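fold the stuff below for me.
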Amino acid sequence: MSRNLEESIAAAGGPVNLLWESQSPPAVVPRVVPEFTNWRDEQLAWRRTAVLFDQSHHMADLNIKGPGALRLIRDTGVNSVADFPVDMAKQYVALNHDGFVIGDNILFHLEEDEYQAVGIPPSINWLHYHAETGGYDVEVWRDDNSLYRTGDPVVYRYQVQGPGALDLIREATGQEPPKLKFFHMTRFTIGGKEVRAVRHGMAGEPGFELWGPWADNEPVHAALLEAGAKFGMVQVGGRAYHTNALESGWLPRPLPAIYTGEQTADFRRWLSEKAYETTSPLGGSFYSANIEDFYLTPHELDYGRIVKFDHDFIGREAVEKRIADGTANTRRKVTLVWNGDDTAEAAGSKYKPGPGAKYFNEPMALYDTFHYDRVDVDGKTVGLSTWTGYSANERSVLSLAVIDAEYAVPGTEVVVVWGEETPSSKAQVEDHVQVKIRATVQAAPLYEAARTVYRSDAAVV
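Prediction:
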């Protein structure tokens, strides 16, 4: 019986075998209804009116408090903390010692010497591990997502966004919303309760993320619904929630680069046999027996703009070397807009005799947690397509990809290979055949407002 990730890798005969044949279901949004209306209208609403996302249940929170908290963050993250006052948030990005991405989260500076990291487990686990083992003078408490916890969350967390978001907040608070820069924080009174808020947005539209103690959840939620009714606000269910990243250009689930190397071996032994990194399935048309072929660098994910060399951090030397030898920007993050005819033919193959294309679930097509499809040009693999789903706003299937720079020019036609060449034993993989789907390269974020207004309002954090 394996007791940790390291033992699980050994028992499976390697990390690729462990993840490729994982029988766990893909990660989902727990305890949030799949659809409040229908996922198409819910997608359309974040560009047309306003939406309410319930983020209370699918992320992990790690609270870090003590005089060593800032040093822990500085030592493990690529971000500069030279300007990180109370009531500001940052997108924290963690690398392994070879400069490959472990993951990212949103890090809130709540009070003097107190921070809270919120996100999916890989970067949360990395911070938690170093807090426990690195000799830092900190205390932590952790609240995992609702698939793992027993009982209610410690805090509720909502996000209001869309063209009508500011009107909704004005109605709910009874006051003019402050003019805040992106990732700066304030406090509101909603439903008679004090609410902390950060200026945020997930699909390029204006909005706020709101949170407070779970005991205040019901009156705050009720007040948001009442205010939202006046502005056509739509609640977003679990099915549509993950698709907003397709439009905002954030790639949520790179495979954490922690499965190889002696410098991360103790971390693998720290992670349990039931950890997210141990059980999450890996799949797609791209396959390699070398797990490191799935690792990504910060520059490939467009995090080069937030890497700062004003401090030492894990992975710094490797990143500097790539910049110096010119390999940091050989691949770039893009949006792929899939050809409608090819996609329709693949999806329609299930109505014809014999094995068809891999089933394409909508709106999120992913049947695994870590997904990698081949992107080809003239039969040559030029990149990896990852986060894949349908956008009612764009009337297309979109995916976020990392491809060779020479093919990253908007308008370039590529081919996405969909389906596993040799189907794995994953429970969600049926007998199928691979298909090739044409796609057009576009910018990431695809949505122009997310690239222009949204980005220009954001300080480098």
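
wait, residue 140 sits on residue 133?
No. In this structure, residue 140 sits apart from residue 133 without contact. The criterion is Cβ atoms under 8 Å, and the distance is 11.8 Å. Backbone N, C-alpha and C define where each C-beta goes, glycine included.

so those two - more neighbours on which side?
Summary of the neighbour comparison: residue 140 and residue 133, criterion other Cβ atoms under 10 Å, with residue 140 having more neighbours (19 against 11).

partners of the more buried one in the sheet?
For residue 140, the residues forming beta bridges with it (DSSP bridges) are residue 64.

which residues touch it?
Taking Cβ atoms under 8 Å, 6 or more residues apart in numbering as the contact definition, residue 140 lies against 62, 63, 64, 65, 128, 131, 132.

of the residues you listed, just the buried ones, PyMOL syntax please.
A single PyMOL command is used to select the members of the contacts of residue 140 judged buried by 16 or more other Cβ atoms under 10 Å:
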select buried, resi 62+63+64+65+128+131
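
out of the contacts of residue 140, which comes closest to residue 423?
Using Cβ to Cβ, residue 128 is the member of the contacts of residue 140 that sits closest to residue 423, with 35.6 Å.

which phi and psi does the closest residue to residue 316 other than its chain neighbours have?
If you skip the residues right next to it in sequence, residue 316 has residue 309 as its closest partner in space, 6.8 Å away by Cβ to Cβ, 6 or more residues apart in numbering. Phi and psi for residue 309, reported as degrees, to the nearest 10, are phi -100, psi 30.

so residue 309 sits against residue 317, correct?
No. Counting by Cβ under 8 Å, residue 309 does not reach residue 317; the two are 10.5 Å apart.

about what we covered before: JSON lines for the contacts of residue 140, including distance to residue 372 and pLDDT?
As requested, the contacts of residue 140 are arranged in JSON lines below (distance: Cβ to Cβ, whole Å; pLDDT from 0 to 100):
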{"residue": "62", "distance to residue 372": "27", "pLDDT": "98"}
{"residue": "63", "distance to residue 372": "33", "pLDDT": "98"}
{"residue": "64", "distance to residue 372": "32", "pLDDT": "98"}
{"residue": "65", "distance to residue 372": "37", "pLDDT": "98"}
{"residue": "128", "distance to residue 372": "27", "pLDDT": "98"}
{"residue": "131", "distance to residue 372": "31", "pLDDT": "98"}
{"residue": "132", "distance to residue 372": "31", "pLDDT": "98"}
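
and which of the contacts of residue 140 is nearest to residue 294?
If you rank these by distance to residue 294 using Cβ to Cβ, residue 128 comes first, at 23.2 Å.

any idea how far that closest one is from residue 270?
Counting by Cβ to Cβ, to the nearest Å, the separation of residue 128 from residue 270 is 9 Å.

now do residue 235
Distance from residue 235 to residue 270, by Cβ to Cβ: 38 Å.

quick one on the thing from earlier: out of the contacts of residue 140, who's nearest residue 445?
When the contacts of residue 140 are compared for distance to residue 445 (Cβ to Cβ), residue 62 comes out closest, at 27.5 Å.

what sits closest to the closest one if chain neighbours are left out?
In space, not counting the residues next to it along the chain, residue 62 is nearest to residue 117; the distance is 4.5 Å by Cβ to Cβ, 6+ apart.

residue 339 too?
Taking Cβ to Cβ, 6+ apart, and ignoring the residues beside it in sequence, residue 339 has residue 438 as its nearest neighbour in space, at 3.9 Å.

dump the residue contacts of the one you found.
The contact partners of residue 438, taken as Cβ under 8 Å, 6+ apart, are 338, 339, 342, 413, 414, 415, 416.

what comes up buried for the helix or strand where it lies?
Counting by DSSP states H and E, the element that carries residue 438 is strand 435-442. Of all the residues in strand 435-442, those buried under the rule 16+ other Cβ under 10 Å are 435, 436, 437, 438, 439, 440, 441, 442.

okay if I get those as CSV plus distance to residue 192 and pLDDT?
Output for those, formatted as CSV (distance: Cβ to Cβ, whole Å; pLDDT from 0 to 100):
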residue, distance to residue 192, pLDDT
435, 55, 98
436, 57, 98
437, 52, 98
438, 55, 98
439, 50, 98
440, 50, 98
441, 50, 98
442, 46, 98
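
so is the closest residue to residue 104 other than its chain neighbours in a helix, a strand, or just coil?
In space, and not counting its chain neighbours, residue 104 is closest to residue 93: 4.6 Å by Cβ to Cβ, 6+ apart. Using DSSP: H, G, I helix; E, B strand; the rest coil, the secondary structure recorded for residue 93 is strand.

one more: residue 317?
The assignment at residue 317 comes out as helix when based on three-state DSSP.

do you know the pLDDT at the residue of the chain most remote from its centre?
Relative to the centre of the chain, the most outlying C-alpha is that of residue 353, 37.4 Å out, by Cα atoms, centre = their mean. In this prediction, residue 353 carries a pLDDT score of 97.

what do you get for residue 148?
Residue-level confidence at residue 148 comes out at 88, pLDDT.

ok, it - how many residues close by?
Neighbours of residue 148 under the rule other Cβ under 10 Å: 13.

can you pull the contacts of residue 277?
5, 121, 122, 125, 256, 258, 259, 271 are the contacts of residue 277 under Cβ under 8 Å, 6+ apart.

residue 137 versus that one, what's the distance?
Between residue 277 and residue 137 the distance is 27 Å, computed by Cβ to Cβ.

domain parsing of this protein, as residue ranges.
Domains of the chain are assigned by automatic domain parsing as 39-56+152-174+188-242, 281-453.

tell me which of those domains sits most buried.
Comparing the domains of the chain by mean neighbour count (mean count of other Cβ atoms under 10 Å), domain 39-56+152-174+188-242 comes out on top with a mean of 21.

related to what we said a few turns ago, for the domains of the chain, give me a markdown table that also has distance to residue 112.
Formatted as a markdown table, the entries for these read as follows, by distance: least, Cβ to Cβ, whole Å:
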| stretch | distance to residue 112 |
| --- | --- |
| domain 39-56+152-174+188-242 | 15 |
| domain 281-453 | 20 |
